[in-house]
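A.B. asks: A predicted structure for the sequence below; I have some questions about it.
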4 protein chains.
Amino acid sequence: MARDVEALDLPAWSRASGPSQGPQCRDTMAHLDSEVKEECLREDLRFYFMNPCEKFRARQQIPWKMGLQILKIVMVTTQLIRFGLSNQLVVAFKEENTAAFKHLFLKGYSGSDEDDYSCSVYTQEDTYDSIFFAINQFHRLRNLSLGTLGYGESEDNRIALKVCKQHYKKGTMFPSNETLNIDSDIEIDCIHLDLEALSKDPQDWKNSSFFRLEFYRLLQIDISFQLKGIDLQTIHSRELPDCYVFQNMIIFDNKAHSGKIKIYFNSDAKIEECKDLKISGSIQKNTQYVLVFDAFVIVICLASLILCTRSIVLALRLRKRFLKFFLEKYKRHVCNADQREFINQWYILVIISDLLTISGSVLKMEIKAKNLTNYNLCSILLGTSTLFVWVGVIRYLGYFQAYNVLILTMQASLPKVLRFCACAGMIYLGYTFCGWIVLGPYHNKSPEDQHYPRKI
Amino acid sequence: MARDVEALDLPAWSRASGPSQGPQCRDTMAHLDSEVKEECLREDLRFYFMNPCEKFRARQQIPWKMGLQILKIVMVTTQLIRFGLSNQLVVAFKEENTAAFKHLFLKGYSGSDEDDYSCSVYTQEDTYDSIFFAINQFHRLRNLSLGTLGYGESEDNRIALKVCKQHYKKGTMFPSNETLNIDSDIEIDCIHLDLEALSKDPQDWKNSSFFRLEFYRLLQIDISFQLKGIDLQTIHSRELPDCYVFQNMIIFDNKAHSGKIKIYFNSDAKIEECKDLKISGSIQKNTQYVLVFDAFVIVICLASLILCTRSIVLALRLRKRFLKFFLEKYKRHVCNADQREFINQWYILVIISDLLTISGSVLKMEIKAKNLTNYNLCSILLGTSTLFVWVGVIRYLGYFQAYNVLILTMQASLPKVLRFCACAGMIYLGYTFCGWIVLGPYHNKSPEDQHYPRKI
Amino acid sequence: MARDVEALDLPAWSRASGPSQGPQCRDTMAHLDSEVKEECLREDLRFYFMNPCEKFRARQQIPWKMGLQILKIVMVTTQLIRFGLSNQLVVAFKEENTAAFKHLFLKGYSGSDEDDYSCSVYTQEDTYDSIFFAINQFHRLRNLSLGTLGYGESEDNRIALKVCKQHYKKGTMFPSNETLNIDSDIEIDCIHLDLEALSKDPQDWKNSSFFRLEFYRLLQIDISFQLKGIDLQTIHSRELPDCYVFQNMIIFDNKAHSGKIKIYFNSDAKIEECKDLKISGSIQKNTQYVLVFDAFVIVICLASLILCTRSIVLALRLRKRFLKFFLEKYKRHVCNADQREFINQWYILVIISDLLTISGSVLKMEIKAKNLTNYNLCSILLGTSTLFVWVGVIRYLGYFQAYNVLILTMQASLPKVLRFCACAGMIYLGYTFCGWIVLGPYHNKSPEDQHYPRKI
Amino acid sequence: MARDVEALDLPAWSRASGPSQGPQCRDTMAHLDSEVKEECLREDLRFYFMNPCEKFRARQQIPWKMGLQILKIVMVTTQLIRFGLSNQLVVAFKEENTAAFKHLFLKGYSGSDEDDYSCSVYTQEDTYDSIFFAINQFHRLRNLSLGTLGYGESEDNRIALKVCKQHYKKGTMFPSNETLNIDSDIEIDCIHLDLEALSKDPQDWKNSSFFRLEFYRLLQIDISFQLKGIDLQTIHSRELPDCYVFQNMIIFDNKAHSGKIKIYFNSDAKIEECKDLKISGSIQKNTQYVLVFDAFVIVICLASLILCTRSIVLALRLRKRFLKFFLEKYKRHVCNADQREFINQWYILVIISDLLTISGSVLKMEIKAKNLTNYNLCSILLGTSTLFVWVGVIRYLGYFQAYNVLILTMQASLPKVLRFCACAGMIYLGYTFCGWIVLGPYHNKSPEDQHYPRKI
């Protein structure tokens, strides 16, 4: 480190006066003359730059902070894994429900999405079939579905399916004559089909004028309906089952007018508190333990937060003393690099990590108590704090001589690597843009490039 | 750089006379004696080899060129992305149409091409079915298609489908007797099936002698027809919709006579101006803004072009002065390497990039105005210019000392890397040829190599 | 090696007294004075640190151990390959049977498992169909199966299929009203369907109240049955065919209540001795040869084990002599590093490998004799011993000077590489946890993140 | 190169006597005294170790050999590519025919093979269906196939399909009782079904006792038949079409008795000369040109062969002169390394490559003339020679100073790399054996390892 060469090299300076002299001089420092004062400062500085093992050997000071950090790694990781696994169940329930909906409502669904859309149709007949299939399946849902599903109510308290179509206001089009007369404003028509209407003769509603589609001006058809479900699985892992509202929408997208209608299925699941729950039987209630664990994590992080803040405050006070002394004795200011030595950047990392963990844990407890559903924010807080806690382990590795050399080497070589990446990044960016436009798939191929069978 | 050692090292020479002496000596140089003249040349040279920051510090010269380059990066990249995205819509429309055609006209099309061909048939019955299916679908197109499609007219103004078959003139073949009697000249038969003919009893045309195929001498069947379509999507992103002519051809390729007929589908889409367009409604017309943006890019590139050209001209003049002075004072010629120092290769890169951008932008404006459809050339011009502009950023990185070392190192190691690649390339080429013929899939396997089930 | 510098450097020390003096001094060492004793120890040490070639040159000692090791590599590898290939046949038989079962008993099985489950159903009708299909196929098995299969008997000596369903004890659920009344205790109902019952009118058992499923409280349906089979293939590779008992279970898993029932197929194959075997005909009986081969491997490993143990014992004795001498002459103890030099770590590797091989071979012979079926443990013993034997080859490479340098270099750089891995591992662990929870698939996506078709 | 240090360094020695003295001294050497003789030898040696450019500059000797090598690279590569492309057509014809056969004769063939077998059946009914389907398709072949196929004749001049079944001689098996009574000798039954028999009522032959299969003792069913075809495609690329005999065999493999019968399709295509060919029409006959090209390649390679042999002979003579002179003057022998310097290893490479090319080209001409069909050997000869020719290019790169350094560096580091690979290889081998048996797929999994659905 080039900096060390020109700087004062504090640890060395503090060690200059010979071996440590037994008495703790911090308390008695006020009523001593200059000589003793210098010695005392030297002693304090030397102690400040020791690592936990040396501190223990020098003054029998037990490394509470270090122990706390190691305990924190275990606790925070455990908490993260528990949270992740419980999240996983919720997400799996939603995804399996969406898959089941796709199999129930999309005609000819293959089991996996084609692209960002679920499936696609290419003929008028297939389009009508797909629409009527979805409506019919909705009508028969109670006899079809394997899940714990029921119809949800729309805004006006009816159990109904809403079919909307977007089309250009009016238009005539004769592609053969290259003639087009169109009003580019968009009109939206909707009908509501409730269960009663669907129970009648299907020919009634199928033949309604609404379902006479003019494909050349049709933009989009949306079929939307609401279903409700209960996630019984949570009986076994958490205390109370969640109720879900699935706001489903099937979208037939013809905006491209390319002869291919893409069918999207969107299922938006919201967790709601169930209104009327009666669970009997002998399931174990373990929610309390989870809350106790979270509370314990918070306590530990608070302790770590306080200890690290205290260390920083003490370090700043020591710096003040040192600056004053240095100004008095050598009549000059201490350089910035040396001043920075006093602020341990690892402590700052620990403090940030603790703050994140505490807020994350509080959020998690609120979610568990069903007051909040802010899973995303909680994931980010807990995830980031765990990342910082693990990165912090490197500090303790740095106490071993062999590791310290390695860490310093990596620190020194990092800027060069980044600089190389910056140069390569420039060329790569230019190449990417150029390649995208010149070689990419969105390049308007000339007809000569197409593949014909080999000429005889 | 070994060159610097033996060369004059111009920047060092120019700095030799001590710190810069305030007065701008360029204008007053004519009426000064030799001593002052040398000092003045030294001063000019020193200024010439400065980087923008130093120039600003030395003479308060604001770095216009550098600012312009940075503005250019933003503008050119924005222009490229806009062009790419608009291209993407056009290409997606064509590709989705082609996919829709394949689903409509190819029997048993699986949704993805098998190889370079779309699908294949292995029996006589399947071949007839595929041919008749395509013809029938063409007849029913109006009731099938979801797109904005109409029939196009063939050369003789009929709406018709043209079916052609290529076969050997005459032949008899008895593979069992290994007897072959064939005329290797190729005959082409065609029939035109217009909508009227197809509306009749299908047994009429299916039973015509044309469709009695003799597979052993059949080479190829082509079914070709023209469709027209309108890309309505552009109403929302550009001003006017484009009209398309799709020249489709289904090719049944039996040239290999291997018992497998490969079916190709080729769709050649041409953009034409629509004849009769009436668009009402409240869509926003943003074409002007695009044109203004393109014009602004051209202006900036022109400015950059002029400034760089001026710099090169000034540099050449300075070189002339220097050569003359050097000849007078030291009685010898300046070596080539030093002469090259005067011509900044980055300026040449910038000039090429500017010329490309200007021609690309002009072409793009013409395409937007529907005068030209030369998308390919425009892509190459804009893409290459963007590549050069981004590579040019490396120059500005070179002004930082740390980066400069890196760049020089990479320059020095490049030839060695290339030389190694050349050697490895020779061995690789030999290995490729050898592997292709000896190990490759096109190696005539002997029967002993085939896989039989394990012998008992 | 830094250690060598500060250590005594035994080989060098022993060589210090000049060239070797012919006579073998080991036996006569007791009745010689100090001078001769030192010379003799020097000689013995020098001989101890020689490699086999040098030993041969010095005392014409034939390298038995080395020859034995080389023979062992060949033998152990051959044994492992033979064992692996014979295992392969057993495993292939089981896997093909499982595949055949899946095709026979699972309706709509596609030939490959979907995930960890084989297939899945989404409607009530499909669920009933799948259950009845499996039961029917079991009934018709004798006319369906291609394998050497027969029905197995259940505990009460009936040929029967056992169908069990798990469900919550009682419950009513109205997801529409978000109302739930459930007893979380689980009830299990089972029926046994024997061949006789299945031979009657299928409507009889299909309409039984057992098969009126209430899906909202259903947790799981298990269909279990036992089949027996004979692996005839072994007639050709081993002496006697094995009899198998397949305990099959089809599981319909509805625990998630997500509208998707996952179908698992578990086939647990046990090898049993066939009760009544009569094999006539002219197959060759090669079991003896295999047993002889295994016995030979054991003998070789025993020999190698004894020789290596003897070498270690001799080395320990030599060390004792050396320590005593050193204490007498130089009045100080030999450092630990030098003491370690006497124990050849390669011999320890060889001894471990020999012990593993011997126990593995004994186990293998027992398996062959059908006394044990502990394939797993045998695989681990033989595999690990082969790994050690091959790693031991590196020792012999170390006798060549060029290789020795390489091996020492690798040894020296290993700790640094491991240390770097530890640091990178910490960062990676933190990143993994963070990425799993923040970016991972089990992240509770907010509805805004979902894909809708592009807005117009 | 360490060798150069201790060796004589011939090129340096020969250059020691000062600049070259004009006169060609080779011829006049006989009648000169010792001084002049040494000078002359020095001169000859200096010339011998020159590269072509220096030779041209020294004695105006045009580098014929080098020109010839460059011409050879072009010629040999062209020849190889032409041969590969023509081979490709033959192989593609065979592969497409095999694919067509699989589609025609295998019921439910999906278009790609499952593993090393084409498809598989799991029930008795499917097995019978697959057998009868193949036989029926053979009967209807003339109306099905698109290719130029005809029936081939079997040994006894009948057009017939041969169906064979292998089974154990006799046996009874009761897997339920674990009772087995089997004769392990294998019996083979065959029937011949000619076209006449197949034209009758299919129930006749389907109900024959042959097709009453006892699956528990069935080992294998083979359906074999011969088809003939003509590869018309070659009319356009080569002169005469080839006639093919396809010996097809469908194998139903039940050797594992695991409930899964694997179906293999083997098609063994032999090229035969057509008996009776009459090709009229205006195809171009380009065979002569190909033969002329091949002949030209042979001539060039012969020339190169002669020149290189001559160079080696001259070098050996020069070595003899040098050895004699050295013995006379310095009274000692020249070391081996210096003697090897005289034999240019590149020339040996060129000679081997030439010999391979010549034999390959002769073979190719014979194949073209339809005298031989030894494609494999010809591929190997031509491929290897091309590899050597390209590797030889590196020699010419070595004439440039910068490349020479690179090549020498690579030569020096090669042994170390190989040594490292040997060590790593040992560990890898051990790991592979261990991993195969311990972790591999052929590990006899214990039932506890199987996947059950999560327990509630």
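C.D. replies: Good, I have the coordinates. Residues are numbered from 1 along each chain as shown, chains lettered A, B, ... in the order given.

A.B. asks: tally of neighbours for residue A:242?
C.D. replies: 20 (other CB atoms under 10 Å in any protein chain shown). Where C-beta positions appear, they are placed from N, C-alpha and C, glycine not excepted.

A.B. asks: mind checking how far it is from chain D?
C.D. replies: As judged by CB to the nearest CB, to the nearest Å, residue A:242 and chain D stand 18 Å apart.

A.B. asks: Name the next helix or strand downstream of the helix or strand that residue A:166 is a member of, please.
C.D. replies: According to DSSP states H and E, residue A:166 maps onto strand A:160-168. Using DSSP H and E, the helix or strand that directly follows strand A:160-168 along the chain is strand A:171-174.

A.B. asks: can you pull the buried residues of whichever helix or strand comes after that next one?
C.D. replies: Sequence-wise, the next helix or strand downstream of strand A:171-174 (DSSP H and E) is strand A:179-183. Using 16 or more other CB atoms under 10 Å in any protein chain shown as the test for burial, strand A:179-183 gives A:179-180, A:182-183.

A.B. asks: give me every residue that touches the spatially closest residue to residue A:179 that is not a sequence neighbour.
C.D. replies: Closest residue to residue A:179 apart from its sequence neighbours, by CB to CB, 6 or more residues apart in numbering or on different chains: residue B:276 at 4.2 Å. Contact partners of residue B:276, counting by CB atoms under 8 Å, 6 or more residues apart in numbering or on different chains, are A:177-181.

A.B. asks: ok, those residues vs chain C, which is closest?
C.D. replies: When those are compared for distance to chain C (CB to the nearest CB), residue A:180 wins out at 17.9 Å.

A.B. asks: residues in contact with stretch A:296-313?
C.D. replies: A:64-65, A:68-69, A:71-72, A:75-76, A:79, A:343-344, A:347-348, A:350-351, A:354-355, A:357-358, A:361-362.

A.B. asks: number of nearby residues for residue A:137?
C.D. replies: Around residue A:137 there are 18 residues (other CB under 10 Å).

A.B. asks: ok, it - contacts?
C.D. replies: Neighbouring residues of residue A:137 by CB under 8 Å, 6+ apart: A:104-105, A:144.

A.B. asks: will you turn those residues into a markdown table that also has pLDDT and distance to chain C?
C.D. replies: Shown next, in a markdown table, are the contacts of residue A:137 (pLDDT from 0 to 100; distance: CB to the nearest CB, whole Å):
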| residue | pLDDT | distance to chain C |
| --- | --- | --- |
| A:104 | 94 | 6 |
| A:105 | 95 | 10 |
| A:144 | 90 | 5 |
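
A.B. asks: which one of the residues you listed sits closest to chain B?
C.D. replies: When the contacts of residue A:137 are ranked by distance to chain B (CB to the nearest CB), residue A:105 comes first, at 20.2 Å.

A.B. asks: Surely the closest one is in contact with residue A:265?
C.D. replies: Yes - using CB atoms under 8 Å, residue A:105 is in contact with residue A:265, at 7.0 Å.

A.B. asks: Neighbour count: these two, which is higher?
C.D. replies: When neighbours are counted by other CB under 10 Å, residue A:105 comes out ahead of the other of residue A:105 and residue A:265, with 25 against 21.

A.B. asks: Count the residues that sit near the nearest residue in space to that one that is not next to it in sequence.
C.D. replies: Nearest non-adjacent residue to residue A:105, counting by CB to CB, 6+ apart: residue A:134, 4.7 Å away. If you count neighbours by other CB under 10 Å, residue A:134 ends up with 23.
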